[in-house]
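Asks: with the input below, show me the fold.
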Amino acid sequence: MTKHFDRNRGRRENARGASACVPPAAFAAVALGAAALLGIGGCAEIAMRQKERQMELVARDWCMVIRASQVIPLYPLSQDMQPGDVFLVNRTVADQSKRYRERGFLPTDLRVCRLFPTTYGDFYRGRAGEPRDDDPALVLPRAWRDPDDPLKPWERFPAAGFPSYTFQVSNSGGLSIAVPVQSVPIAFSILGAASATGSLTITQCYTYGIDAAAMTALLEQAKREHLLDCVVPPEGEGPWFLRVVTQVFGAKSFDVVLTANSTLGTGADAGAAQPVGDARGSLENGITVTEINEQLSKVGSGRDPTGMPLPGVSARATFASGRSVGMSETFVEPVIFGYQGFDVAIDSHGRIGPLIPTFQVVDGEAIPESPTAFTDEDERYSELLDELRGFEAPKALSILSRAAGNDPVLLAAFERERARGSDAVGAWIVAADGTGIATNRKSKLIAWIAESIRKESGG
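Replies: Got it, this is the predicted structure:
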């Protein structure tokens, strides 16, 4: 008879032998200890996920306030964004829209390049109290900063306004606020409360930007200079999308009002009511506004060699009344919290499609169209526009004005874009695309421009 060897027999006998040497109480202790460790680890992971989700909701609340104002929220806030920044977006439009609805903002993690508009002087020439500046070297934001007083930059920029933002802070839940202002922890510490309700208002908000026509021309130039080669999708993939910033919104000063309470929660409220307090008043704990500011002045008295305060922000108390305290905080340089721009598709051949406003893309209302095949007619038209860009501005304007005169609708659209501050070539591109002539009658445009160049040259 054949005997079958049981390879698990020895293991079972060893296990029985070992268990005979260990008291039952020890088994219970080991089991309880293992369960406790697993419980601690599981609770820690759950707590970490809950905290992460809480912070996402806080960020979303803040971003929804900005988004309601038809501005794309930038999160986290940054001092390093300006018109002309180009970002790669290789997510599908459906995925972008879903993520935007869930989080309230879109990440801008890959900056491809930075374009530098040179037509700010033309663009802002009609602004009240701002003389026309024909100097092509006018660069924003540098040119409009106040060189005589480094503590008061950006005062020449157009102002903007946004609703208030409300939030909750507590000792147990942490400082659940999405905006990097020091006034909140300072005010919370002064109140000495377990929890408090706060409201935040942007009291000094500035904006600046440039027209889409000028930015489109710069993007085409960047393509010709091979600055976009690194974001061309592989053959057979794509298209990918480029997001171009045309306008930014910066906050220089915040007002914070914090009221002690015992209610926990978080939320955003457009237009929250602001408590009124006495600048000479005091809190329930006896601390006065003067005492608060004296302490703050001692902490924030340091300045760098240029006279700017360190570390780049100053805060002061504005009122104290019972259980409420008001703070005002000013940044030396504004922090950018939102932007506007447009998206374009880029295919595996490096071709760029027509522009679509970013807000329509992330709301799922539109999809940037893929670039069409580049024909000989397209190439000739592009060559003529490049030739015009090489002319002096008055000559290019004269040529294109004559060419636009061949079609009343095109001429009206061209003059309208010029009145908005666009350069001649940029205004022509927008007018020709907007009227549909660039799509349906491109051969006519080529003939009109070529004839106008010949007449301008005396031919």
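Asks: what about the nearest residue to residue 260 once chain neighbours are set aside, how many neighbours?
Replies: Among residues not flanking residue 260 along the chain, residue 193 sits closest, at 3.5 Å (CB to CB, 6 or more residues apart in numbering). Quick note: C-beta positions are derived from backbone N, CA and C, even for glycine. For residue 193, the count of nearby residues is 20 (other CB atoms under 10 Å).
Asks: in which helix or strand would I find residue 193?
Replies: Using DSSP states H and E, residue 193 sits in no helix or strand.
Asks: gap between it and residue 61?
Replies: Between residue 193 and residue 61 the distance is 21 Å, computed by CB to CB, to the nearest Å.
Asks: sec struct for residue 166, please.
Replies: With DSSP: H, G, I helix; E, B strand; the rest coil as the basis, residue 166 sits in strand.
Asks: quick check: bridge partners of it?
Replies: residue 199 (DSSP bridges).
Asks: rewinding a little: hmm, the residue nearest to residue 260 is touching residue 261, no?
Replies: Yes: with contact defined as CB atoms under 8 Å, residue 193 reaches residue 261; the gap is 7.3 Å.
Asks: which neighbours do these two share?
Replies: Counting by CB atoms under 8 Å, 6 or more residues apart in numbering, the contacts common to residue 193 and residue 261 are residue 323.
Asks: contacting residues around residue 328?
Replies: Contacts of residue 328 (CB under 8 Å, 6+ apart): 183, 203, 253-256, 315-318.
Asks: wait, a strand at it?
Replies: Yes: Residue 328 forms part of a strand when assessed by three-state DSSP.
Asks: quick one: the strands in this protein, in order.
Replies: Under the criterion DSSP state E, strands of the chain are mapped to 72-78, 85-89, 111-114, 165-170, 174-176, 195-209, 240-261, 313-321, 324-346, 356-357.
Asks: now these as a markdown table including mean pLDDT?
Replies: Shown next, in a markdown table, are the strands of the chain (pLDDT from 0 to 100):
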| stretch | mean pLDDT |
| --- | --- |
| strand 72-78 | 83 |
| strand 85-89 | 92 |
| strand 111-114 | 93 |
| strand 165-170 | 79 |
| strand 174-176 | 54 |
| strand 195-209 | 89 |
| strand 240-261 | 91 |
| strand 313-321 | 81 |
| strand 324-346 | 88 |
| strand 356-357 | 87 |
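Asks: can you list these in a markdown table and add distance to residue 449?
Replies: Shown next, in a markdown table, are the strands of the chain (distance: least, CB to CB, whole Å):
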| stretch | distance to residue 449 |
| --- | --- |
| strand 72-78 | 36 |
| strand 85-89 | 28 |
| strand 111-114 | 29 |
| strand 165-170 | 51 |
| strand 174-176 | 59 |
| strand 195-209 | 29 |
| strand 240-261 | 26 |
| strand 313-321 | 53 |
| strand 324-346 | 24 |
| strand 356-357 | 26 |
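Asks: closest to residue 379 out of those?
Replies: Nearest of the strands of the chain to residue 379, taken as CB to CB: strand 324-346 at 18.0 Å.
Asks: between that closest one and strand 313-321, how many degrees?
Replies: Relative orientation of strand 324-346 and strand 313-321, computed by axes from the mean of the first three to the mean of the last three CA atoms, to 10 degrees: 140 degrees.
Asks: got the angle between strand 324-346 and strand 72-78?
Replies: 120 degrees.
Asks: got the CA coordinates for strand 324-346 in CSV?
Replies: Extracted in CSV, the C-alpha atoms of strand 324-346 (Å, rounded to 0.1, in the frame of the first residue of the first chain):
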residue,chain,number,x,y,z
SER,A,324,-16.2,90.4,18.3
VAL,A,325,-12.9,91.6,16.9
GLY,A,326,-12.1,93.2,13.5
MET,A,327,-8.8,92.9,11.7
SER,A,328,-7.4,94.5,8.6
GLU,A,329,-4.5,92.8,6.7
THR,A,330,-2.5,94.3,3.8
PHE,A,331,-0.1,92.5,1.6
VAL,A,332,2.9,94.3,0.0
GLU,A,333,2.2,92.5,-3.2
PRO,A,334,-1.4,91.3,-4.0
VAL,A,335,-2.1,87.6,-4.1
ILE,A,336,-3.8,86.4,-7.3
PHE,A,337,-7.0,84.4,-6.5
GLY,A,338,-8.7,84.2,-9.9
TYR,A,339,-8.3,84.6,-13.6
GLN,A,340,-10.0,84.6,-17.0
GLY,A,341,-8.7,83.2,-20.2
PHE,A,342,-9.3,80.9,-23.2
ASP,A,343,-8.6,77.3,-24.2
VAL,A,344,-7.3,76.0,-27.5
ALA,A,345,-6.7,72.5,-28.7
ILE,A,346,-3.2,71.4,-30.0
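Asks: for the residue nearest to residue 260, give me its contacts.
Replies: Residue 193 neighbours (CB under 8 Å, 6+ apart): 260-261, 323.
Asks: and what of residue 437?
Replies: 407, 409-410, 444-445.
Asks: can you rerun that using 7 Å?
Replies: Each residue near residue 437 by CB atoms under 7 Å, 6 or more residues apart in numbering is listed here: 407, 410, 444-445.
Asks: residues in contact with stretch 229-245?
Replies: Residues contacting stretch 229-245 (CB under 7 Å, 6+ apart): 81, 83-90, 112, 215, 219, 339, 341-348, 350, 358, 368, 370.
Asks: narrow the residues you listed to just the buried residues.
Replies: Those of the contacts of stretch 229-245 that meet the buried threshold are 81, 83-89, 112, 215, 219, 339, 341-347, 358, 368, by 16 or more other CB atoms under 10 Å.
Asks: for residue 244, grab the count of nearby residues.
Replies: 23.
Asks: ok, it to residue 140 distance?
Replies: 16 Å.
Asks: now swap in residue 125 and tell me
Replies: Distance, residue 125 to residue 140, using CB to CB: 14 Å.
Asks: what's the neighbour count on the nearest residue to residue 77 once chain neighbours are set aside?
Replies: Computed as CB to CB, 6+ apart, the closest residue to residue 77 that is not its neighbour in sequence is residue 335, at 4.4 Å. Neighbourhood size, residue 335 [other CB under 10 Å]: 21.
Asks: can you pull out the helices in the stretch 101-250 of the chain?
Replies: 120-123, 183-191, 212-224 (DSSP state H, counting those that start in this stretch).
Asks: just put the ones you listed in CSV and tack on distance to residue 294.
Replies: Output for these, formatted as CSV (distance: least, CB to CB, whole Å):
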stretch, distance to residue 294
helix 120-123, 43
helix 183-191, 13
helix 212-224, 49
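Asks: thank you kindly, that will do.
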